[in-house]
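[1] Predicted coordinates and the sequence they were generated for:
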Amino acid sequence: MGPCVHNERDTPTLFGAALAAKDGKMGATLDALHRLQEIELQLADVQGKIDKRYRAVKRQEERIAQIDADIASRLETIKRDQMDADRLELDMKGREAAIAKHRQQLNEAKTNKEYSAILTQLNTEKADSSKVEERVLTMMNELEAKRKSIDEIKTLRTSEVARRDELLAEAKATEMAAKSRLDELRTQRATAASVVPEKALGLFTRIAEKNDGEALAKVVRTHPKRAEYACDGCNMAINIEQVNAVMSRDEAVLCNSCKRILYMPSAAASLRA
């Protein structure tokens, strides 16, 4: 959105009465809002430093939570793998019992044919049992490696928890150090807010909450020879009618783009530049 261009000949018609009445000075409401804004920004700055510390704590806690989720997932995998290994061990014991039975049967065989058949069964069972045993050993080694990895992650978690505790201590220290300043600023804010009309105060508070305490934005002239203006908060153009309203009315006029309350502390000087 570009600057709104107006013919310079229209300027005296639009602003002459406003300049004569106000001589570039803000009205009582805008003046009170401006003083409130100064205190609000100081509050936001002090509180912002505290909040920054606590955000670091929160990020650290989220990291710890991710580690905990990773540990829980790995433990669940180990649990399933252990159940599979237990089933294979049970199967292996069954095969060992079958092998022992086949060996007994070999001793009791009465013919070569019977002996050969039993021997074939025995060898097959031994081969299968060997495969199961190998698989069990592999799984047990894998389980051991997974348990060690969990131990390593738990060590990492311990260090991350220690870091979280350090950050929390720093946040609390920052908050404690700023307490008296915050109390002072809150008292000043309450005093400044007490002289602001209720409707304007409600509007100011809502805008400040959305913009880190910055509810007001200065009107700036963007061209030295033409009546072109912009909002200093969002750098978007402001039309002549809005500038006229800011200069002639003692009320909150909002920027169409960022919705901040517009003000012009030196209106006359700006227009005469």
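    Cool, the structure landed.

[2] hey, let's count contacts and neighbours off CA atoms from now on
    Will do.

[3] now stretch 227-237, how far from the centre of its chain.
    The chain centre lies 31 Å from the centre of stretch 227-237; the measure is CA atoms, centre = their mean, to the nearest Å.

[4] in it, what's buried?
    Ala227, Glu228, Tyr229, Ala230, Cys231, Asp232, Gly233, Asn235, Met236, Ala237 (16 or more other CA atoms under 10 Å).

[5] Report the backbone C-alpha coordinates of it in CSV.
    What follows is stretch 227-237, C-alpha atoms only, in CSV (Å, rounded to 0.1, in the frame of the first residue of the first chain):
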residue,chain,number,x,y,z
ALA,A,227,0.7,16.1,2.4
GLU,A,228,1.6,12.4,2.7
TYR,A,229,1.7,10.6,6.0
ALA,A,230,2.3,7.1,7.4
CYS,A,231,1.9,5.2,10.6
ASP,A,232,5.2,4.9,12.4
GLY,A,233,4.0,1.5,13.8
CYS,A,234,3.5,-0.3,10.6
ASN,A,235,4.8,2.1,7.9
MET,A,236,1.6,2.0,6.0
ALA,A,237,0.1,5.2,4.5
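
[6] Now do that stretch, average pLDDT.
    Averaged across stretch 227-237, pLDDT comes to 94.

[7] tell me which of the buried residues of stretch 227-237 is nearest to Ile64?
    Of all the buried residues of stretch 227-237, the one with the least separation from Ile64 (CA to CA) is Gly233, at 38.7 Å.

[8] Of all the residues in stretch 53-66, which ones are buried?
    For stretch 53-66, a neighbour-count test (16+ other CA under 10 Å) marks Arg53, Tyr54, Val57, Gln60, Glu61, Arg63, Ile64 as buried.

[9] Can you name the next helix or strand after the one helix or strand the first one maps to?
    Which is Arg53. Assigning secondary structure by DSSP states H and E places Arg53 in helix 28-108. Moving toward the C-terminus from helix 28-108, the next helix or strand (DSSP H and E) is helix 112-193.

[10] Which secondary structure elements does that following helix sit against?
    Applying 3 or more CA pairs under 8 Å, 6 or more residues apart in numbering; DSSP states H and E, we find helix 112-193 packed against helix 28-108.

[11] what comes up buried for stretch 85-92?
    Buried residues in stretch 85-92, counted by 16+ other CA under 10 Å: Ala85, Leu88, Glu89, Met92.
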